[in-house]
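**Student:** 3D, please:
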Amino acid sequence: FSDAAYSRDRWLRSQAAQHPEGEIPISTLLRFNKLRLLCNDEEQVADILASATSDVIVVNQGKTAVRRVHPPPTEDNSVPNSIYAKGFPTTA
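**Tutor:** Numbering: from 1, shown residues only. Down below sits the predicted model:
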């Protein structure tokens, strides 16, 4: 849900666009392999997210979905702020 990741993730944005408030169901988040490996219980994920302090996402009252607190930026500035480096030794 970071600005850079969200602006590049068409699938996640399409999921949010299906709901008037831009919410993404927690059941949809559980499709992500990394999250599913940590916890596959929708209610537990909702409780964890609801108890977390975040200025990026908020859980709805029914604890069934999350949405961004602020709309994503219209421009993706992550590429100009990134570097590509190579040639480092592979052994320390």
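**Student:** any idea how far stretch 6-16 is from the chain center?
**Tutor:** In terms of C-alpha atoms, centre = their mean, to the nearest Å, the centre of stretch 6-16 is found 9 Å from the chain centre.
**Student:** Give me the buried positions along that stretch.
**Tutor:** Buried residues in stretch 6-16, counting neighbours by 16 or more other C-beta atoms under 10 Å, are found at 6, 7, 12, 15, 16. To be clear about C-beta, it is placed using only N, CA and C from the backbone, and glycine gets the same treatment.
**Student:** ok, which stretches of this structure are strands?
**Tutor:** Ranges of strands within the chain are 24-25, 57-59, 65-68, based on DSSP state E.
**Student:** Run through this structure and note the low-pLDDT ranges.
**Tutor:** 73-81, 92 (pLDDT under 70).
**Student:** Residue 57 and residue 49 touch, don't they?
**Tutor:** Yes. With contact defined as C-beta atoms under 8 Å, residue 57 counts as touching residue 49 (7.0 Å).
**Student:** Overlap of the contact sets of those two?
**Tutor:** Any residue near both residue 57 and residue 49 by C-beta atoms under 8 Å, 6 or more residues apart in numbering counts here, and that gives residue 66.
**Student:** Quick check: nearest residue in space to residue 47, chain neighbours excluded?
**Tutor:** Spatial nearest neighbour of residue 47, excluding adjacent residues (C-beta to C-beta, 6 or more residues apart in numbering): residue 63 at 7.1 Å.
**Student:** so what's residue 16 up against?
**Tutor:** 22, 23, 24, 67, 68.
**Student:** now it: how far from residue 84?
**Tutor:** 30 Å (C-beta to C-beta, to the nearest Å).
**Student:** what's the answer for residue 67, then?
**Tutor:** Distance from residue 67 to residue 84, by C-beta to C-beta: 33 Å.
**Student:** Please name every helix or strand in contact with the longest helix belonging to the chain.
**Tutor:** If you go by DSSP state H, the chain has its longest helix at helix 42-51. Counting contacts by 3 or more C-beta pairs under 8 Å, 6 or more residues apart in numbering; DSSP states H and E, the secondary-structure elements packed against helix 42-51 are helix 26-29, strand 57-59.
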